[in-house]
Structures are given as structure tokens and as C-alpha cells.
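**Q** sequence first, then the predicted structure, then my questions.
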Amino acid sequence: MKKEWIDMKTRSILTFVVMLILFFSIAPFQNFVIDLLNKNSEVIQRFVGNNFVEKLKNWDFYILSQWFGKNFGQIIPIIGIILSFPLFSREFENETISFLLVRKSRKNIFYNKFIVSFIVLSIEIFVLSYIPYIYSIITNKTLSFETTTKFFIHSFIGAFFWYSISFMFSVIFNDQVKPLLTSFAILGISTTLGFLRPISFLNTYKYVLGYKIFKESTIDFTYSTSLILIGTILLSFSYYLFENKEV
């Protein structure tokens, strides 16, 4: 597992640091954002309604909408893809998979890569989801732990879903570029097609950004279960592919 961590250490730490910088470029500037929007009140009222700026004066709405509903939320699928796309494809591309197979079984290699990358993904999504709550405690602001947890659940399941897609492509392809490009292509196509009402379920961003939590203060259990089920099937299929892939 040490090798797996070394392989993904740079991109996982870099991703985490970038997200921390992004958070601290948002959280302390609530008043600045409100003042900026007030200066453009006519445009704001035309596109998002009269009450939007008033709602932003409430800390919980400000941080939840700007973090989960916008900045962090938009990057969650990308984090899932970035953490998994080179797991196997790098070994195939560099032909190091042959050396690994001499020392370890395919089952051992697969589970080591899955466990380490899944733990890193879980920790990053957990910390980045609860950082608004921690920041609120430190700065004496009020933010619901229950609501934060609902957004964490949507964030984690959304990240897991895109992680599993990129994970599968990492097993299929023998270079690092194709899993990355294919995953991003599917993300772009599914998001675009999701704007069509009959197939709006394809747009995972509506779920990841917490649309139902904002609207109904509840988790989307059906969509959550569907994404977990599909992600688990994709990971199981990835294991089958790796076990039977010629090296």
C-alpha cells in the first residue's frame, strides 16, 4: 500500500491544497460579495430574483450555496476522476504491471490500489465537506451540523460514482490519457444531455450540488442508492476486467 500512496500522493495533496485555497477565498468574504452584488442589484434581480442578496446575508445560506452549491460542488466529480484515472493505466503504460504481478497476485494489486485510493478520496471529501462547519465554529457563526452532513452524503456519493467510472477506464486503457479524457467526455456529455427534461437524471450535478437539499431539506435517497449501486457494479466489473486482462 505504501507504493500506491506514493504514486498518488502528489495529485491528492495538490488537489486538497487547491480546494483549501478556494475555500478561504470564499468563506471570509461574505460582506464583500454582498456589497459587490448590491452594486449590480439590477442585473442580480433580473437573473436570480429579488431575495437572493438578502438570503446571502444569512451565513448558512451563503456558505452552503457558495461552497456546496457552486465551487466545491462543481469540482467534486473532477476530484473523483483525478484520484482514480492513473491507478492501473500508469502501470500498463510504464510496463511496471509485469513487475508487480511477479511479486503479488492480481487480487492483491487490485485491492491495494482500491483501498488506498478510496481512503484518500473519503478523507478529502469528508474534510472538505465539514470545513465550513469547522470554520463556522471558529468564527462564531451558526451552521447546522445536520444540514452539512446531508451535503457531505451527496458530495461523497457523487465523488464515489465518478471515481468508479474513471477507475474502470483506468483498467481498460493502457495509457493515462484515455481514462482521463474519456471520463471527462462522459461527464460533459451526461451533464449536457441532462438539460433535456426527459433524461434530466443523466445530469449528476443536480444531485452533487444538493438541489433537493436546498429545495426540500432532505437527501435524495433514490438517486443516492442508484449511484452507489452503479458505482459498485462498475468496481466489480473493473475487478473482472483486471483479472482477465492480458499483460
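**A** Right, received. Where do you want to start?

**Q** measure the residue nearest the centre of the chain to G158 for me?
**A** Compute the mean C-alpha point of the chain, and by CA atoms, centre = their mean the closest residue is I76, 2.2 Å away. Distance of I76 to G158, computed by CB to CB, to the nearest Å: 5 Å. For every residue, glycine as well, the C-beta is placed using N, CA and C.

**Q** lowest confidence element among the helices and strands of this protein?
**A** helix 41-48 (a mean of 66; mean pLDDT, DSSP states H and E).

**Q** got the buried residues for the helix or strand following that one?
**A** Counting by DSSP states H and E, the next helix or strand C-terminal to helix 41-48 is helix 52-56. Using 16 or more other CB atoms under 10 Å as the test for burial, helix 52-56 gives V53, L56.

**Q** what do you get for stretch 139-146?
**A** Per 16+ other CB under 10 Å, stretch 139-146 contains these buried residues: K141, L143.

**Q** quick one: end-to-end length of that stretch, please.
**A** 19 Å (CA to CA, to the nearest Å).

**Q** what about that stretch, average pLDDT?
**A** Regarding stretch 139-146, the rounded mean pLDDT is 92.

**Q** just for the protein, where's the confidence low?
**A** For the chain, applying pLDDT under 70 flags the ranges 41-50.

**Q** what are the ranges of the strands in it?
**A** Taking DSSP state E as the criterion, the chain carries no strands.

**Q** any idea which helix is longest in the chain?
**A** In the chain, assigned by DSSP state H, the helix with the most residues is helix 106-138.

**Q** for it, the distance to its chain's centre please.
**A** Counting by CA atoms, centre = their mean, to the nearest Å, helix 106-138 is centred 11 Å from the centre of its parent chain.

**Q** which elements pack onto that helix?
**A** For helix 106-138, the elements it packs on are helix 2-24, helix 59-63, helix 72-84, helix 145-172, helix 221-244, judged by 3 or more CB pairs under 8 Å, 6 or more residues apart in numbering; DSSP states H and E.

**Q** next, the angle helix 2-24 makes with that helix.
**A** 20 degrees (axes from the mean of the first three to the mean of the last three CA atoms, to 10 degrees).

**Q** once you drop chain neighbours, what's closest to L227?
**A** F161 (4.3 Å; CB to CB, 6 or more residues apart in numbering).

**Q** okay, now S217: neighbour count?
**A** Per other CB atoms under 10 Å, the neighbour tally for S217 reads 11.

**Q** same thing with F173?
**A** Using other CB under 10 Å, F173 is surrounded by 19 other residues.

**Q** report the separation between it and L181.
**A** In this view, F173 and L181 are 10 Å apart by CB to CB.
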